[in-house]
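>>> starting from these lines, generate the structure:
(one chain, ligands or ions: 1)
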Amino acid sequence: MSHKRVAILLSGGGSNMVALVDSMTGDHPARPCLVLSNDAQAGGLAKAAERGIPTASVDHRPFKGDRAAFEAELLKPLIDAEPDIVCLAGFMRVLTADFVSRFQGRMLNIHPSLLPKYKGLHTHARAIEAGDAEHGCTVHEVTAALDDGPILGQARVPVLTSDTPDTLAARVLTQEHKLYPSVLQRFAAGNKAPVLLP
Ligand code: GRF
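A predicted model of the protein is given here:
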């Protein structure tokens, strides 16, 4: 069986990338083919290199404002890697509809909220501010609309009265590292039934 090729895009430490890469072993139908960042200093690039995965980076800053020009550069190593699936994992740049259209139906993202609640940033602070009893993370198919698209999985965590955004984020991140690999394995096998944890 030939494996599905998975490219992972990240902007930071890449803890989700590590969880995904470390899950793609044995009879898992996919294998990582590229880890790509918009920041040459992203900690995730070193972690990917340690795991023998090809890496690339395209700094978005020289293109300030010209999103299309940045994406034209970003596409070069990505298309060269010939991915079957693209996973956004802590990738903090908004992608244009044109970029998304090239991978529509085979590009996933993990967002730290129970979508459709709290699209965008500062999700943990917003959940605390709202007095929510529950919070969590969502893996969804990427569409042109930000943090939208068909939901492929969700994991829920309690919000504690003692929580700060950081303590809540840490609790959610632990679930992200379980949810994303579970969704990817199912998605790579052609199964889009949502993964719901716990
Ligand atoms: C995580 O909170 C994830 O939900 C968001 O980016 C954050 C950092 O992810 N998308 P990572 O540690 O770089 O994978």
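
>>> return the residues of the protein in contact with the ligand.
Contact residues (Cβ under 6 Å from any ligand atom) of the chain with the ligand: 10, 12-17, 44, 89-90, 110, 112, 137, 173, 176. Where C-beta positions appear, they are placed from N, C-alpha and C, glycine not excepted.

>>> ok, now with 5 Å
Among all residues of the chain, those adjacent to the ligand (criterion: Cβ under 5 Å from any ligand atom) are 12-16, 89-90, 112.

>>> just the buried ones out of those residues, please.
When these are checked for burial by 16 or more other Cβ atoms under 10 Å, the buried set is 12, 14-16, 89-90, 112.

>>> tell me the pLDDT at Met1?
Confidence at Met1, expressed as pLDDT, is 69.

>>> correction: the previous question concerned Val58.
98.

>>> what does Leu88 give?
With respect to pLDDT, Leu88 scores 98.

>>> likewise the one 5 residues further on?
The predicted structure scores Arg93 at 93 on the pLDDT scale.

>>> am I right that it sits in a strand?
No: Arg93: not assigned to a strand; according to DSSP: H, G, I helix; E, B strand; the rest coil it is coil.

>>> what is the burial count for it?
Residue neighbour count, defined by other Cβ atoms under 10 Å, stands at 16 for Arg93.

>>> OK, contacts around the residue nearest to it when sequence neighbours are not counted?
Excluding the flanking residues, the one nearest Arg93 by Cβ to Cβ, 6 or more residues apart in numbering is Asn38, at 5.3 Å. In this structure, Asn38 makes contact with 9, 11, 57-60, 70, 74, 91-93, judged by Cβ atoms under 8 Å, 6 or more residues apart in numbering.

>>> would you list the phi and psi of Asn38?
Its backbone dihedrals place Asn38 at phi -90, psi 10, with angles given as degrees, to the nearest 10.

>>> picking up where we left off before, now for the buried ones among the residues of the chain next to the ligand: which two are most distant?
The largest separation in these, counting by Cβ to Cβ, is between Gly14 and Pro112 at 15.0 Å.
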